[in-house]
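Visitor: no sequence on this one, just coordinates:
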C-alpha cells in the first residue's frame, strides 16, 4: 500500500529541501549529507550498469575484515560513498564493511557518523543479480575537543537520525527515512535524477512470502524449523503454503518484503552462532526502514534497534518484515526455546 502523487515530478533534492523547511532552525547539514549519498549512488549505478564492459567485475585479490573476498565493485562503491561524504565536511567518520576500523574524514568537527555497506550482495555481481548500498546516520556526541573516537559510533539503532538503501536492479531505487515515514525514489537515467515514486510507503501487515537460506536448515533451532514447516503446510484459511523467495542480497530481499509483505530471516546457526549479518550497517538501518513503514524487526528475543552495540562490526540474527509474520515466528521460537536441535 503506497501513497503517490503523480501531479508533477519531484526530485530527491527538491523533496529533501521541502522536508528540511518544515523544521524551524534546521541547518541543512543532514539534507546535504543525504544529497551526497544520492550523488554517489548515481555514480555507482552507472558503473553497475556497465560493469561487464569496463573490467570492473571479479575479485581484486584482497579480503575484508570479515575474511570475505573483495570484489572490484565493492571497492569502487566504498570509495565513491566515502569521497562524497568527505567533500561536504559535515561527517567526521565513516564505518564501512570494507574497512577494519573507523575511517576518519577531513572534518574532525563534523557532527555526523555514517555506517555503510557499500555494496550488499556483492557475491551476485558477476551473475547480474540485484545488489544494493545501505547507509545509517548517527549524531556525534557533543564534546569540547575534536577527537574522533570509535566509541562515539557505538550507538543503538534507536538513535539513528536517518537510514536508507539504494537498490541497483531493473531500475535504481533509493529509499530513506529520517523517522517520519519511508520515501522511495526511482532514478530516471534520461535526466540523471531520482524522482519521487512513493511518499510514505507502508508494508502489508501480513505477507505470503518467507525469505531464508534453507540450505542451512539442519543447523537451525527447533522453533525456526517448526515455523518453516508451518509456512510450507497447506491451509486455505491462512493462505498457506507461503512462497519461498531468497535472492541472497539483503537489500533486494528487504525491498521485496517492504512492497509485498512477508518475512526475511537470517538466524544464528552452528556455523554463525551470533548470526552473520552486521548489526550496525545492515540490520539497524533496514530495521529503521521497515519499522517506519509499519513492520517489525527482532533478533529473536529483542527489538533489533534496541540492541546495545559492543563492536562496530558486530553480528546478529534478524527476523524482519510484516508484523504478523514476525510475531508468528516469535511464537514458534518462544514455544520451542528449550528444545534442543
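Guide: Done, it's in. Note that this is a predicted model, so its numbers are computed, not measured.

Visitor: CA atoms for contacts and neighbours, from now on please.
Guide: Will do.

Visitor: so residue 81 touches residue 118, yeah?
Guide: Yes: counting by CA atoms under 8 Å, residue 81 touches residue 118, with 7.3 Å between them.

Visitor: okay, the two: which has more neighbours?
Guide: Between residue 81 and residue 118, counted using other CA atoms under 10 Å, residue 118 has the larger neighbour count: 30 against 25.

Visitor: Using the three-state scheme, assign that one.
Guide: Following DSSP: H, G, I helix; E, B strand; the rest coil, we place residue 118 in the strand state.

Visitor: helices or strands next to the top helix by length along the chain in the packing?
Guide: Among the segments of the chain that qualify as a helix by DSSP state H, the longest is helix 29-49. Counting by 3 or more CA pairs under 8 Å, 6 or more residues apart in numbering; DSSP states H and E, the packing neighbours recorded for helix 29-49 are helix 12-20, helix 72-87, strand 160-168.

Visitor: Tell me which of those sits most buried.
Guide: Sort the helices and strands packed on helix 29-49 by mean neighbour count, taking mean count of other CA atoms under 10 Å, and strand 160-168 sits at the top with a mean of 25.

Visitor: Between helix 29-49 and that one, find me the angle.
Guide: For strand 160-168 against helix 29-49, the angle by axes from the mean of the first three to the mean of the last three CA atoms, to 10 degrees is 20 degrees.

Visitor: so what strands line up beside strand 160-168?
Guide: For strand 160-168, sheet partners with direction are given as strand 131-139 (antiparallel), strand 172-177 (antiparallel), following DSSP bridges.

Visitor: and residue 300, which of those strands is closest to it?
Guide: Nearest of the strands paired with strand 160-168 to residue 300, taken as CA to CA: strand 131-139 at 22.1 Å.

Visitor: tell me the mean pLDDT for that closest one?
Guide: Here strand 131-139 scores 96 as its mean pLDDT.

Visitor: Now do that strand: distance to the chain's middle.
Guide: On the basis of CA atoms, centre = their mean, to the nearest Å, strand 131-139 is displaced by 6 Å from the centre of the chain it belongs to.

Visitor: swap in stretch 327-341?
Guide: A distance of 26 Å separates the centroid of the chain from that of stretch 327-341, by CA atoms, centre = their mean.

Visitor: who's in contact with that stretch?
Guide: Counting by CA atoms under 8 Å, 6 or more residues apart in numbering, the neighbours of stretch 327-341 from elsewhere in the structure are 219-224, 226-227, 300-301.
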